[in-house]
Structure formats: C-alpha cells, structure tokens
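> Predicted structure and sequence below. I'll ask about it afterward.
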Amino acid sequence: MRNDRTRQLLSLQQVAEWLLLSKRTVRELVRSHADPLPAFRVGGQLRFDHTEVIRWLERRRIKSEVNNCSVEVLLA
C-alpha cells in the first residue's frame with residue numbers, strides 16, 4: 001500500500017506504453033519548451049512521477065477543450 005510520501009516512479013518505457021506513444025515522442029515532450037512533460041533523471045535515466053504525469057495530462061486536456069481540439073492531436 002502506498003502512503004502520501006511514496007512516489008510511484010515510472011520509466012520512459014512505462015510512460016510510452018501508458019500514453020500509447022513512442023519513447024522518442026515522450027523524450028520530445030520532455031524537451032518541449034511549452035509545458036514540458038515533467039521528468040527527472042535517476043542514474044542517467046528518465047523517471048516520471050505518476051501523479052505529475054496525470055496533472056500534466058489534465059492541463060493538456062483543459063487546453064485542448066479551450067482550443068476545441070482533441071488530446072490525441074495535442075499529444076501526437
């Protein structure tokens with residue numbers, strides 16, 4: 001069981017599979033200048049906090065609703 005102090009960290013591969021994107025696209029989203037996908041490095045490898053990725057997705061969804069676009073278009 002997770003407590004509030006435990007972060008669920010995901011690898012690049014896990015995030016790519018979850019978002020149905022290539023690892024290359026996920027890396028590009030991390031390097032994006034406008035609202036980058038939050039990530040950090042552990043031992044030189046990208047790691048993603050599950051909660052932060054969900055927040056990022058929610059921000060993107062809100063922006064897409066305002067712009068009348070779909071999330072898939074924004075993420076691709």
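Received the coordinates, thanks. Residues are numbered from 1 along each chain as shown.

> Show me what the longest strand along the chain packs onto, helices and strands only.
Longest strand in the chain by number of residues (criterion: DSSP state E): strand 45-49. Where contact means 3 or more C-beta pairs under 8 Å, 6 or more residues apart in numbering; DSSP states H and E, strand 45-49 is packed against strand 9-11, helix 12-19, helix 23-31, strand 40-42. The way it works is simple: take the backbone N, C-alpha and C, and place the C-beta from them, glycine included.

> 10 Å - rerun?
In terms of contacts (3 or more C-beta pairs under 10 Å, 6 or more residues apart in numbering; DSSP states H and E), strand 45-49 is packed against strand 9-11, helix 12-19, helix 23-31, strand 40-42, helix 50-66.

> Please tell me how far it is from the chain's geometric centre.
Strand 45-49 has its C-alpha centroid displaced from the chain centroid by 10 Å (C-alpha atoms, centre = their mean, to the nearest Å).

> try stretch 16-29
8 Å.

> OK, contacts around residue 40?
Neighbouring residues of residue 40 by C-beta atoms under 10 Å, 6 or more residues apart in numbering: 9, 30, 46-49, 52.

> Swap in 7 Å and give it another go.
residue 47 (C-beta atoms under 7 Å, 6 or more residues apart in numbering).

> what is it paired to in the beta sheet?
On the basis of DSSP bridges, residue 40 is bridged to residue 47.
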